[in-house]
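**Student:** Show me how the following folds:
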Amino acid sequence: MRRTLDSVVAQTVTPAVWVIVDDGSTDDTNAILQDYAGKHDWIKVYTKPDRGHRAVGPGVVEAFYFGLGKIRLSDFDYVCKLDLDLDLPPAYFGELIRRMEEEPRLGSCSGKPFFTTDGGQRVPERCGDEMSVGMTKFYRRECFEEIGGFVRQVMWDAIDCHKSRQLGWMACSWNDENLKFEHLRPMGSSQKGILTGRIRHGFGQHFMGTDPLYFLATAVARLSFPPYVIGSIAMIYGYLKAMIGGAEQHDDSELRQFIRRYQRRALMVGKRRAIEEINQRLAMRR
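**Tutor:** Next up, the predicted model:
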């Protein structure tokens, strides 16, 4: 957490306001946050009542909206949902804003995360160029409001990008050196272990409406990422369990159809070309 705080304080463009939500911590988190808030008047700390358990996905968005309720969103041009387990490069926010100013259709963007192994190796986390990453969702306010914000369920951080494109906005992430950041907790892990996170991911893909064949292709593509083989099996198990059990899906049926059309096209021509086709087709909406 201190590394995240220090990296944001050191930004060339610091937030106008940084609302930090203490979501039921039981250690020295609040004392540390209050120390930083006392040194920087743009840092505001709010304590959210402890729900008694961790709720990955819905809980993250719930905490975000608790903090968002402490400001008037219309006062700002940009909004960022930021986790407290990141080490950002100094020009991170400034560079994202610069690129958004250059491309008015860019609604959401981010850099790319990596994590450091015990042996000191930098390993990139899997993240498609067509998505802004969930741990640092940087949004143009107009786009964020138009898509209706985030859904309170697993895969919220993919659904928002698809919804943005459906409405004619662009979403992306870049692997440029000045935008790469360190994720201090591997993506897809969970308080119960990384396999539980992979099963949860499979459930989330079903909730989002992902095409079965496309999901199988992504599971196969992840065979070369740790935990090898068993991670992909866990993903498939989570997806099939949700599908066979009749688990709920996102209630925006038009968006689910939009996602599946894109995914089927991506299987034929690749994700990059499929995204380019969508962006070109919907350009007039903006």
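
**Student:** alpha carbons only for contacts and neighbour counts from here, please
**Tutor:** Fine.

**Student:** hmm, who's touching the helix or strand where F115 lies?
**Tutor:** Using DSSP states H and E, F115 falls within strand 113-116. For strand 113-116, contacts defined as CA atoms under 8 Å, 6 or more residues apart in numbering pick out R122, V123, P124, E125, K180, F181, E182, H183, L184, R185, P186.

**Student:** Sitting in strands, which of these do you find?
**Tutor:** R122, V123, P124, F181, E182, H183 (DSSP state E).

**Student:** How far does the strand holding F115 sit from its chain's centre?
**Tutor:** Averaging C-alpha positions (CA atoms, centre = their mean, to the nearest Å) puts strand 113-116 15 Å from its chain's average.

**Student:** strands paired with that strand, and their directions?
**Tutor:** Strand 113-116 has the following strand partners under DSSP bridges: strand 122-124 (antiparallel), strand 181-183 (parallel).

**Student:** Same question for whatever helix or strand comes next after the first one: list its buried residues.
**Tutor:** Going down the chain from strand 122-124, the next helix or strand is strand 136-140, by DSSP H and E. The neighbour-count criterion (16 or more other CA atoms under 10 Å) identifies T136, K137, F138, Y139, R140 as the buried residues of strand 136-140.

**Student:** Please apply the same query to stretch 214-229.
**Tutor:** For stretch 214-229, burial by neighbour count (16+ other CA under 10 Å) applies to Y214, F215, L216, A219, R222.

**Student:** Need the residues that contact that stretch.
**Tutor:** Residues contacting stretch 214-229 (CA under 8 Å, 6+ apart): Q205, G231, S232, I233, M235, I236, Q263, R264, L267.

**Student:** Inside helices: which ones of the residues you listed?
**Tutor:** Q205, G231, S232, I233, M235, I236, Q263, R264, L267 (DSSP state H).

**Student:** Please indicate which of those residues are buried?
**Tutor:** Buried, going by 16+ other CA under 10 Å: Q205, G231, S232, I233, M235, I236, Q263, R264, out of the ones in helices among the contacts of stretch 214-229.

**Student:** what's the farthest-apart pair in the contacts of stretch 214-229?
**Tutor:** In these, two members sit farther apart than any others by CA to CA. They are G231 and R264, at 23.6 Å.

**Student:** where in this protein is pLDDT low?
**Tutor:** When residues are selected by pLDDT under 70, those of the chain lie in 51-57, 186-192, 286.

**Student:** quick revisit: what is the nearest of the ones in helices among the contacts of stretch 214-229 to T4?
**Tutor:** Using CA to CA, the ones in helices among the contacts of stretch 214-229 come closest to T4 at G231, 28.3 Å.

**Student:** Please report how far I244 lies from A63.
**Tutor:** Look at I244 and A63: by CA to CA, to the nearest Å, they are 31 Å apart.

**Student:** between the two, which one's more packed in?
**Tutor:** Neighbour tally, I244 and A63, criterion other CA atoms under 10 Å: the higher count belongs to A63, 17 against 8.

**Student:** Pick out the residue closest to the middle of the protein.
**Tutor:** For the chain, G134 is the residue whose C-alpha lies nearest the centre (CA atoms, centre = their mean; 1.0 Å).

**Student:** Do I have it right that that residue meets D157?
**Tutor:** Yes: if you go by CA atoms under 8 Å, G134 and D157 touch, sitting 5.0 Å apart.

**Student:** If you tally nearby residues, what's the number for the residue nearest to P90 when sequence neighbours are not counted?
**Tutor:** Of all residues not flanking P90 in the chain, Q11 sits nearest, at 4.5 Å (CA to CA, 6 or more residues apart in numbering). Number of residues near Q11 (other CA under 10 Å) recorded here: 16.

**Student:** What values do phi and psi take at L82?
**Tutor:** phi -130, psi 130 (degrees, to the nearest 10).

**Student:** Find the nearest non-adjacent residue to it, please.
**Tutor:** T136 (4.6 Å).

**Student:** The one you found and R281, how far apart?
**Tutor:** On the measure of CA to CA, T136 and R281 end up 28 Å apart.

**Student:** ok, now Q34?
**Tutor:** Counting by CA to CA, the gap from Q34 to R281 is 48 Å.

**Student:** neighbour-wise, which of those two wins?
**Tutor:** The neighbour comparison of Q34 against R281 (other CA under 10 Å) goes to Q34, with 15 against 11.
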